[in-house]
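Engineer: Sequence first, then the predicted structure, then my questions.
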Amino acid sequence: MDYKNQVAQSIVKALANQLDLQTVYEKIEVPKSTKLGDFAFPTFILAKTLHKAPQIIATELVDQIDGAGYEKVEAAGPYVNFFLDKVQVSQEVLNSVLTAQSHYGDATVGNQGKVPIDMSSPNIAKPISMGHLRSTVIGNSLANLLAKTGYEPVKINHLGDWGTQFGKLIEAYKLWGSEEEVKADPINKLLEYYVRFHKEDQEHPELDEEARKWFKKLEDGDEEATQLWQWFRSVSLESFKRIYDKLGITFDSYKGEAFYNDKMDEVVQILEDKHLLKESQGAEIVDLDKYNLNPALIKKTDGATLYITRDLAAAIYRKRTYNFVQSLYVVGAEQINHFKQLKAVLKEMGFDWSDDVHHIPFGLITLNGKKLSTRSGRVVLLDKVLDDAIDLAKQQIQAKNPDLANADEVAHEVGVGAVIFHDLKNERMNSFDFDLNEVVRFEGETGPYVQYTRARAESILRKAAQTVQADDVKLDDANAWETVKHLQAFPETILRAVKAYEPSIIAKYALHLAKSFNQYYANSKVLVEDDQLNARLALVRSVSIVLEISLNLLGVQAPKEM
């Protein structure tokens, strides 16, 4: 089904091998309009060697090309335009989709290689806010895409369950908290104490010293500090899991920062053994001048370790545990420099597998143009956003289909799916402003629009009330051609998304497929009893299959009715 390769071979043969297949393949373009064909070859590359104008070369080349397998091949200025045999291609594509079903687009490029994905990673004792959405859903979608192409993803929720903030939280709890309050409303109360601490310490800087003492006690294994930390961690995890359940996202590991406490000494020892540690103003650093990076601060003047020390320990642990072929960190773009340093230090330590470590950065979500912040208390809770999205979806479903049997379940799938889809349709490095009313619309470039299109396809199939035959799909309908071409492009689209670590490629693909199918449906009568009925239903069924796969790759459900 690689029709581009078919075109390339036709050109190479016509040129009597004056150009190699790879060169020709890379030069072939897809015209913006199907009026100019399905593929186009620009002849400029041949002008110097043939000493002719590109327009003349194109005309002569058309005469040399074997037209078998094409509707037509024609010259248009300096281009040779290829029009594929629509009936033959439609038959091959629809048969492939109907035969493979949910496995359409599967690939084996990953060879079952393990890929740990560091994602989501909320801080204990703080609510999951909208600020955590991107890492969570981008990481989940990448895991789905990697699994689809033969890798074995390992989703790791690297919890923020250690650090000086726990000293602050313990001090705040000791000053203003109560066990009854925390038990009644754990996350919100703990956040309230944390925010209050940061307001109070502006006028009472001595609070910072008390917080440092509490964290030192925690590091030293003090019984009271440890019990409070474990309590804060357990109630936080319970809260987090409720939200992950709502999103339909699971993890393979919840090993967070605390897990690596006893693994950092080895990192420091390796750095010392390799004479990589240098003293700088009382601190210990690794010089990264040769990478054009600032020094990596490994130990502060008081001997305390930093994030990078812990991340080095985590990287080494993951390589030993999973023997990964890639290791991904789905973390905001503001941490780009940190991960450059991490890779550079690993390289200096002699770990060549550092080349397989990849930071997957992303832009910010803003509300009314403002960045979300926990410390200042300007928090937009993800749980609340998802509930509001579900309510909005329910209102629209009641207006459009008041008799829908499982309305609550569908409203959940549509509302949550809308939030996920909206995030993932944006290229991950782009920041965007969040407006819930725009997100949960049933029209436009939204998740509900794609879901509704899939539900429409299922509705047509229910009305037809007949089994679609995969071996009778000879579709001769010009209106269907754009949709067929989108279906044919799906496997290659998945591979592109994996290569670029870019779920938006799939989201945009789903939007284009939905749009082309809706245009087809508007211009063709599907349920007409004639010799093409099964072929048309095959197209409808194929669209339903591929839209469902696309949505699922994004972590979005695809209801059959809406």
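Structural biologist: Thanks, I have it.

Engineer: Give me the domain ranges for the protein.
Structural biologist: 3-84, 382-554 (automatic domain parsing).

Engineer: could the ones you listed be laid out in TSV, adding mean pLDDT, distance to Asn123 and mean neighbour count?
Structural biologist: Placement of C-beta: from N, CA and C, glycine included. As requested, these are exported to TSV (pLDDT from 0 to 100; distance: least, C-beta to C-beta, whole Å; neighbours: other C-beta atoms under 10 Å):
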stretch	mean pLDDT	distance to Asn123	mean neighbour count
domain 3-84	95	46	16
domain 382-554	96	14	19
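
Engineer: tell me the contacts of the nearest residue to Ala389 once chain neighbours are set aside?
Structural biologist: Of all residues not flanking Ala389 in the chain, Gly415 sits nearest, at 3.7 Å (C-beta to C-beta, 6 or more residues apart in numbering). Residues near Gly415 by C-beta atoms under 8 Å, 6 or more residues apart in numbering: 386, 389-394, 440.

Engineer: Can you pick out the most distant pair from those residues?
Structural biologist: Leu386 and Lys394 (12.7 Å; C-beta to C-beta).

Engineer: before we move on, the earlier item: ok, the contacts of Gly415 vs Ser542, which is closest?
Structural biologist: The shortest gap between Ser542 and any of the contacts of Gly415 belongs to Ala393, at 26.8 Å (C-beta to C-beta).

Engineer: My guess is that closest one contacts Val419. True?
Structural biologist: No - using C-beta atoms under 8 Å, Ala393 is not in contact with Val419; the gap is 10.1 Å.

Engineer: intersection of neighbour lists for the two?
Structural biologist: In contact with both Ala393 and Val419: Val440, using C-beta under 8 Å, 6+ apart.

Engineer: Kindly list the longest helix within the chain.
Structural biologist: Assignment by DSSP state H gives helix 223-247 as the longest helix of the chain.

Engineer: Please enumerate the helices of the stretch 301-450 of the chain.
Structural biologist: Ranges of helices in the stretch 301-450 of the chain, per DSSP state H, counting those that start in this stretch, are 307-322, 336-348, 382-400, 407-425, 436-439, 447-464.

Engineer: re the thing from before, from the contacts of Gly415, which is closest to Glu458?
Structural biologist: Proximity of those to Glu458 was ranked by C-beta to C-beta; the top entry is Ala393 with 17.9 Å.

Engineer: show me what contacts the closest one?
Structural biologist: Residues in contact with Ala393 (C-beta under 8 Å, 6+ apart) are 410-412, 414-415, 418, 440, 448.

Engineer: Using a markdown table, lay out those residues together with distance to Gln519.
Structural biologist: Formatted as a markdown table, those follow (distance: C-beta to C-beta, whole Å):
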| residue | distance to Gln519 |
| --- | --- |
| Val410 | 25 |
| Ala411 | 28 |
| His412 | 30 |
| Val414 | 23 |
| Gly415 | 27 |
| Ala418 | 23 |
| Val440 | 24 |
| Pro448 | 19 |
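
Engineer: Closest to the centroid, which residue in the chain?
Structural biologist: Nearest to the centroid of the C-alpha atoms of the chain, with distances taken as C-alpha atoms, centre = their mean, sits Ile138, at 3.3 Å.

Engineer: For that one, give me the pLDDT.
Structural biologist: Here, the pLDDT recorded for Ile138 equals 98.

Engineer: Kindly report the same for the one 4 residues further on.
Structural biologist: The pLDDT attached to Leu142 in the predicted structure is 98.

Engineer: That one and Asp433: what is the separation?
Structural biologist: Using C-beta to C-beta, to the nearest Å, Leu142 is found at 24 Å from Asp433.

Engineer: isn't Asn523 right up against Asn479?
Structural biologist: Yes - if you go by C-beta under 8 Å, Asn523 and Asn479 touch, sitting 4.7 Å apart.

Engineer: ok, now which ones touch Tyr104?
Structural biologist: Contacts of Tyr104 by C-beta under 8 Å, 6+ apart are 96-97, 490-491, 545-546, 549.

Engineer: What of Val331?
Structural biologist: Contact analysis of Val331 by C-beta under 8 Å, 6+ apart lists 118, 121, 135, 339, 359-361.

Engineer: likewise Leu328?
Structural biologist: Counting by C-beta under 8 Å, 6+ apart, Leu328 has contacts 115-119, 139, 142, 358, 360, 501.

Engineer: What subset of those is buried?
Structural biologist: 115-119, 139, 142, 360, 501 (16 or more other C-beta atoms under 10 Å).

Engineer: Return the subset of those lying in helices.
Structural biologist: Among the buried ones among the contacts of Leu328, the members falling in helices (DSSP H) are 139, 142.

Engineer: ok so, going back, how much space is there between the residue nearest to the centre of the chain and Leu228?
Structural biologist: 33 Å.

Engineer: re earlier: distance to Val473 for the contacts of Leu328 - can I get that in CSV?
Structural biologist: Shown next, in CSV, are the contacts of Leu328 (distance: C-beta to C-beta, whole Å):
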residue, distance to Val473
Val115, 36
Pro116, 42
Ile117, 38
Asp118, 44
Met119, 40
Gly139, 38
Leu142, 33
His358, 41
Ile360, 39
Tyr501, 35
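
Engineer: Most widely separated two among those residues?
Structural biologist: Pro116 and Tyr501 (14.0 Å).

Engineer: Where does the prediction get shaky in the stretch 151-300 of the chain?
Structural biologist: Applying pLDDT under 70 to the stretch 151-300 of the chain picks out no residues at all.

Engineer: Show me the helices in it, by range?
Structural biologist: Under DSSP H, counting those that start in this stretch, the stretch 151-300 of the chain gives helices at 164-176, 179-184, 186-203, 206-219, 223-247, 264-273.

Engineer: starting at the chain centroid, how far to the third one?
Structural biologist: Mean-position distance between helix 186-203 and its chain equals 33 Å (C-alpha atoms, centre = their mean, to the nearest Å).

Engineer: Also the second one?
Structural biologist: Relative to the chain's own centre, helix 179-184 is displaced by 37 Å; criterion: C-alpha atoms, centre = their mean.
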